[in-house]
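Undergrad: sharing a model prediction with you, sequence too.
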Amino acid sequence: MFGMAGFQVATGRIAVYAQDHVDTDRIIPARFLSMVTRSGYGELLFADARKQEADFFLDQPSASGASILVAGTNFGCGSSREHAVWAIQQAGFIAVISRVEPDSPGYSDIFRQNSANCGLLLVELPPESHSELIHAGSGAEVTIDLPNQRVILGEHSFPFEINAAIKDQLLQGLDLIGTTMVHENEISRFETEWTSFAPSR
């Protein structure tokens, strides 16, 4: 079986970056994509934004050790790059919580799929629930219960929706190869029984 550590229930502190439409180039600038390894991206997370935005959220003491990133709506838009997901994970984050609006998804479709393939949990909350996390601020402790699809902040519990296939993939800790190898027996049987349809001579 090819996979990662499955996600069940996790508790951690949040780091709040309540910006909307954060694209992948802000998450990991394009000039870093030429690296030939899959490691070393955590320190490059928001590399340019950290220099350009005063009092950047990751540099605040309250965000130290945070493992859950709280973002705005349409997070991860722009170009497709798994590096953005790698940078988030290698910086110590296990999940991202965004805001979903009637006219704006919490995440771009490509970023959503890349995250699932890499084992990064993406949670979407409606504005009312999301604002509670924003108000709590960086450093607040949150629990994400994936089996029951709930985000817990103190005495408050916020339900969230997630694609059933992605949820199962995350619970089992399966990457793309792992989700294929679940069907290893069927694949082997097909390969044994399949005969070429090439025309005989």
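TA: Looks like it came in fine.

Undergrad: low-scoring pLDDT stretches of the chain, where are they?
TA: Counting by pLDDT under 70, the ranges of the chain that qualify are 1-5, 36, 175-201.

Undergrad: what about the longest strand in it?
TA: Under DSSP state E, the strand in the chain containing the largest number of residues is strand 9-17.

Undergrad: quick check: buried residues in that one?
TA: 12-17 (16 or more other CB atoms under 10 Å). Just so you know, the C-beta spots here come from the backbone N, C-alpha and C atoms, and that holds for glycine as well.

Undergrad: helices or strands up against it?
TA: strand 68-71, helix 127-136, strand 141-145 (3 or more CB pairs under 8 Å, 6 or more residues apart in numbering; DSSP states H and E).

Undergrad: deepest in the core, which of those is it.
TA: Comparing those by mean neighbour count (mean count of other CB atoms under 10 Å), strand 68-71 comes out on top with a mean of 26.

Undergrad: other SSEs contacting it?
TA: strand 9-17, strand 95-99, helix 127-136.

Undergrad: closest one to S67 among these?
TA: strand 9-17 (3.4 Å; CB to CB).

Undergrad: returning to that earlier point: let me have the helices and strands packed on strand 9-17 in a markdown table, extended by distance to G154.
TA: What follows is those, written out as a markdown table (distance: least, CB to CB, whole Å):
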| stretch | distance to G154 |
| --- | --- |
| strand 68-71 | 15 |
| helix 127-136 | 8 |
| strand 141-145 | 8 |
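
Undergrad: so for Q90, which of these sits nearest?
TA: Closest among the helices and strands packed on strand 9-17, using CB to CB: strand 68-71, at 12.8 Å.

Undergrad: contacts for that closest one?
TA: Contacts of strand 68-71 with the rest of the structure, by CB atoms under 8 Å, 6 or more residues apart in numbering, involve 10, 12-19, 22, 88, 93-99, 130, 133-134, 142, 144.

Undergrad: hmm, 6 Å instead?
TA: Strand 68-71 is touched from outside by 12, 14-17, 93, 95-98, 133, 142, with contacts defined as CB atoms under 6 Å, 6 or more residues apart in numbering.

Undergrad: residues touching I28, list them.
TA: Here I28 is in contact with 44, 83-84, 87 (CB under 6 Å, 6+ apart).

Undergrad: state the distance from the residue nearest the centre of the chain to Y41.
TA: For the chain, L120 is the residue whose C-alpha lies nearest the centre (CA atoms, centre = their mean; 3.5 Å). As defined by CB to CB, to the nearest Å, L120 lies at a distance of 13 Å from Y41.

Undergrad: next one: D20
TA: Counting by CB to CB - D20 and Y41 are separated by 23 Å.

Undergrad: that's all I had, so thanks and see you.
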